[in-house]
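> turn this into a structure:
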Amino acid sequence: MDIIHCIFDELYKENIPVGEVYTCLGLEDKGDNGIALAAEALLDFVKGKK
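Next up, the predicted model:
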């Protein structure tokens, strides 16, 4: 089994949230603030504000 599968299996076993962060990098119509918006959304999630 690949190491990445082992890591994700352990994360799921421990009920650790797993997801993706969309930064919109490379998308012309999204501007330059995709990373800041993604970071803000992640912090809100971690703080429990969802």
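
> CA only for contacts and neighbour counts going forward, please
OK.

> L42 and G48, how far apart?
L42 sits 10 Å away from G48, going by CA to CA, to the nearest Å.

> looking at the two, which has the bigger crowd around it?
In this view L42 and G48 are compared by other CA atoms under 10 Å, and L42 has more residues nearby, 16 against 8.

> who's in contact with the more buried one?
V21 (CA atoms under 8 Å, 6 or more residues apart in numbering).

> what strand or helix carries it?
Secondary-structure element containing L42, defined by DSSP states H and E: helix 34-47.

> got the buried residues for that helix?
Buried positions in helix 34-47, judged by neighbour count with 16 or more other CA atoms under 10 Å: 34, 38, 42.

> and the pLDDT for the second one?
For A38, the model assigns a pLDDT of 83.

> how far out from the middle of the chain is the helix holding L42?
Offset of helix 34-47 from its chain centre (CA atoms, centre = their mean, to the nearest Å): 9 Å.

> then stretch 30-50?
Here the centre of mass of C-alpha atoms in stretch 30-50, compared against the chain's by CA atoms, centre = their mean, lies 9 Å away.

> how about that stretch as CSV, C-alpha atoms only?
Presented in CSV, the C-alpha positions along stretch 30-50 are these (Å, rounded to 0.1, in the frame of the first residue of the first chain):
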residue,chain,number,x,y,z
LYS,A,30,-10.8,35.0,-10.1
GLY,A,31,-8.3,37.8,-9.2
ASP,A,32,-5.3,37.5,-6.9
ASN,A,33,-7.1,37.0,-3.6
GLY,A,34,-7.9,33.2,-4.0
ILE,A,35,-5.1,32.2,-1.5
ALA,A,36,-6.3,34.8,1.1
LEU,A,37,-10.0,33.6,0.7
ALA,A,38,-8.9,30.0,1.0
ALA,A,39,-6.9,30.7,4.1
GLU,A,40,-9.8,32.7,5.7
ALA,A,41,-12.2,29.8,5.0
LEU,A,42,-9.8,27.3,6.5
LEU,A,43,-9.3,29.4,9.7
ASP,A,44,-13.1,29.8,10.0
PHE,A,45,-13.5,26.0,9.8
VAL,A,46,-10.7,25.4,12.4
LYS,A,47,-12.3,28.0,14.7
GLY,A,48,-15.7,26.3,14.3
LYS,A,49,-17.4,29.1,12.4
LYS,A,50,-17.8,27.0,9.2
